Structures are given as C-alpha cells and as structure tokens.
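1. give the three-dimensional model of this entry:
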Amino acid sequence: AKRAVEKEMQREMQKEASEILQSGFVSIDRAADVSAKNIAQYEKMAGKITAISRNIERRLRTIIRDEENDDTISGLPMGSRLEARLLYHKDGKCFSRKNFPRDTPRLAIGYLADESGSMSTSAVNASINTGIILEDLCRRMELPCYIGGFTSYSGGLQYISYVEHGSVDAKDKYRLTGMSSRGGTPTGRAIKYMTARLKKLPAPSKLLIVSTDGRSDCGAAALQEIIKAARKDGVTVIGAGIGASRSAVENEFGNAFLDVSDMEKMPQMLVEIVKRHLLR
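-> Prediction:
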C-alpha cells in the first residue's frame with residue numbers, strides 16, 4: 001500500500017513539474033522502494049553527521065521556546081496570571097498569559113544536489129552527507145523539506161526525489177544514499193521547479209540551497225534572473241560551489257554564492273545557514 005502511495009505521489013509530481021516547466025522535457029524519478037544496501041550505507045555514513053544535527057536541534061529548540069514564550073498578552077478576562085497593576089481598571093480584564101507558539105513552521109527548506117557527470121565520488125558523498133544532516137534536522141524540528149538531485153535527460157531536466165514533505169513510508173533518509181553522477185547541469189530549471197514547490201508551503205521564510213561543481217546549462221545571465229525571480233517569490237537561494245570549478249559557480253550565483261573549498265565541511269556549513277535563517 002505504501003509503494004502504491006509513493007507511485008501515485010510520483011505521478012502527481014510529474015504532472016506538477018510539467019505544469020511548472022511548460023517548455024522542454026522534464027522527468028521526475030523516485031525510488032518506489034529502498035534496498036538493504038541503501039539502508040546499510042546510510043547507517044555507515046550517518047553517525048557523526050546526525051550527532052551534529054541533534055546538537056543543533058537542542059540549541060535551536062531552547063532558543064525558539066524561550067523566544068516564542070517570552071511574549072506576554074495582558075488585559076485578558078481570563079488567563080494564567082493575575083496582574084495587580086490592571087485591577088484599577090475595574091473592567092475584569094486583569095489577567096495575562098504567555099503567547100501561544102506559532103501554528104506554522106518558521107522555515108521551509110529545499111536542497112538541490114548536482115548529479116552531473118562531472119561530480120566526483122567525494123563531491124557526491126559530500127552531497128549525501130549534506131542531505132542526511134538537513135533531513136535529520138528538518139525531521140526533528142518538524143520543518144517542511146524537499147531534497148532532490150538534478151541532472152539532464154533527453155535535453156531536459158531529470159529531478160530525482162529523495163526527501164518529500166508528506167511522504168508516508170518513513171524511508172526518505174535512506175533514499176539519500178542513491179545520489180550519483182549522471183548527465184548535464186540544468187541548474188536553472190531545477191531552481192525554477194523547486195522554487196515553485198517551496199512557494200506553496202505554509203512557512204513565512206523559504207530557503208533553497210543548491211550544491212554544484214560547475215557551470216549551468218543556461219548560463220550566468222539567465223541563472224541570475226531565475227535567482228532574482230525566486231527572491232521575488234519569497235525564496236532565498238544559496239549556491240554552494242564545490243570542486244575545482246567554484247569560480248564558474250561564483251560567476252553564476254553572484255551574491256548568492258557560498259565558497260565550499262573543503263567538501264568535508266559542507267554539511268555543517270550549510271546547516272549553519274539553515275540555523276541562521278531559522279532564527280531570523
């Protein structure tokens with residue numbers, strides 16, 4: 001039954017992607033099941049990475065709890081505390097209570113991992129580790145999250161779905177180990193697709209992180225226009241440049257560029273960006 005639900009979700013994603021990217025070919029792929037090999041690889045890679053996300057989660061929860069409970073609403077006819085200073089009004093509105101926590105998540109997060117053919121084994125592993133730490137943090141903090149790989153297929157976009165907000169089989173974290181190096185680098189179309197999806201989520205702030213090792217298929221000028229359009233839609237885009245061609249990534253992302261000279265540090269660098277946006 002869960003596999004059937006996943007298949008139906010993939011069909012709906014394919015329809016959605018075709019509507020978003022009306023010109024050119026687009027293919028949405030998602031593993032219907034998770035192999036024992038995927039699970040074993042995740043367990044091997046996740047230990048130190050998830051320890052980082054757990055520590056960050058504990059600190060974030062303390063900060064957010066204190067912040068959201070700090071605001072006091074006073075002048076109420078009923079409440080948890082009697083405010084003696086309000087008694088002189090003689091209108092019965094002399095109680096106060098702490099403000100309720102937010103009903104909607106503070107932040108929605110998207111992560112796009114370049115799966116072009118130029119991605120080295122170390123670059124792919126850095127992307128997997130980044131996906132692991134982001135998925136773990138978002139799940140613990142109950143933040144909506146999309147994580148996918150992007151490459152080219154038949155001259156268009158191939159999007160490989162790993163983590164889906166609303167997935168039912170609880171195996172998305174294992175799907176992350178399926179990242180690989182494949183075809184081209186349609187970065188612009190991938191950002192358009194993910195921006196449209198993030199825009200629909202009920203969060204006041206949206207963050208889209210893209211890790212890539214080289215030039216996009218659309219060129220610098222077109223990519224910068226796509227990033228500007230995403231910003232107008234309320235989505236902040238960060239381009240993490242990895243590998244030897246980071247200067248080309250910087251040229252395309254401009255002020256949205258993050259230099260990742262040490263790929264082993266990329267997961268923690270990117271989760272710190274998430275932390276800063278979460279505390280805004």
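2. which helix runs longest in the chain?
-> helix 36-68 (DSSP state H).
3. what mean pLDDT does that helix get?
-> Mean pLDDT, helix 36-68: 86.
4. can you give me the buried ones in that helix?
-> 38, 41-42, 45-46, 49-50, 52-53, 56-57, 60, 64 (16 or more other C-beta atoms under 10 Å). Bear in mind the C-beta positions are built from the backbone N, C-alpha and C, glycine included.
5. stretch 23-38 now?
-> 26-28, 30-31, 34, 38.
6. how about those residues in CSV, adding secondary structure and distance to residue 271?
-> Listed next are the buried residues of stretch 23-38 as CSV, based on DSSP: H, G, I helix; E, B strand; the rest coil; distance: C-beta to C-beta, whole Å:
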residue, secondary structure, distance to residue 271
26, strand, 29
27, strand, 29
28, strand, 26
30, strand, 24
31, coil, 24
34, coil, 24
38, helix, 22
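7. tell me which of the residues you listed has the lowest pLDDT.
-> pLDDT across those is lowest for residue 31, at 84.
8. I'd say that residue and residue 176 touch.
-> No: counting by C-beta atoms under 8 Å, residue 31 stays clear of residue 176, with 10.5 Å between them.
9. overlap of the contact sets of these two?
-> By C-beta atoms under 8 Å, 6 or more residues apart in numbering, residue 31 and residue 176 have no common neighbours.
10. dihedrals phi and psi, residue 22?
-> phi -70, psi -20 (degrees, to the nearest 10).
11. give the next helix or strand downstream of the least confident helix or strand in the chain by mean pLDDT.
-> None of the helices or strands of the chain scores lower by mean pLDDT, DSSP states H and E than strand 95-98, at a mean of 59. Using DSSP states H and E, the next helix or strand after strand 95-98 towards the C-terminus is strand 107-114.
12. so for the helix or strand just after that next one, what gets flagged as buried?
-> As assigned by DSSP H and E, the chain's next helix or strand after strand 107-114 is helix 121-141. Within helix 121-141, the residues scored as buried using 16+ other C-beta under 10 Å are 123-141.
13. the helix or strand just after helix 121-141: partners in the sheet, and parallel or antiparallel?
-> For helix 121-141, the succeeding helix or strand toward the C-terminus, using DSSP H and E, is strand 145-153. Applying DSSP bridges, strand 145-153 is found paired with strand 107-114 (parallel), strand 156-163 (antiparallel).
14. by how many degrees do strand 145-153 and helix 121-141 diverge?
-> Orientation note: strand 145-153 sits at an angle of 150 degrees relative to helix 121-141 (axes from the mean of the first three to the mean of the last three C-alpha atoms, to 10 degrees).
15. can you pull the poorly scored residue ranges out of the stretch 101-250 of the chain?
-> 101-103 (pLDDT under 70).
16. could you redo the last one with a cut-off of 80?
-> 101-103, 168 (pLDDT under 80).
17. with only the CA atoms kept, save the one helix or strand residue 272 maps to in CSV.
-> Here residue 272, judged by DSSP H and E, is contained in helix 266-278. What follows is helix 266-278, C-alpha atoms only, in CSV (Å, rounded to 0.1, in the frame of the first residue of the first chain):
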residue,chain,number,x,y,z
MET,A,266,30.0,21.4,3.5
PRO,A,267,27.3,19.6,5.6
GLN,A,268,28.0,21.7,8.7
MET,A,269,28.4,24.9,6.7
LEU,A,270,25.0,24.5,5.1
VAL,A,271,23.2,23.5,8.2
GLU,A,272,24.6,26.6,9.9
ILE,A,273,22.9,28.7,7.1
VAL,A,274,19.7,26.9,7.9
LYS,A,275,20.1,27.8,11.6
ARG,A,276,20.7,31.5,10.8
HIS,A,277,17.5,31.6,8.7
LEU,A,278,15.5,29.8,11.3
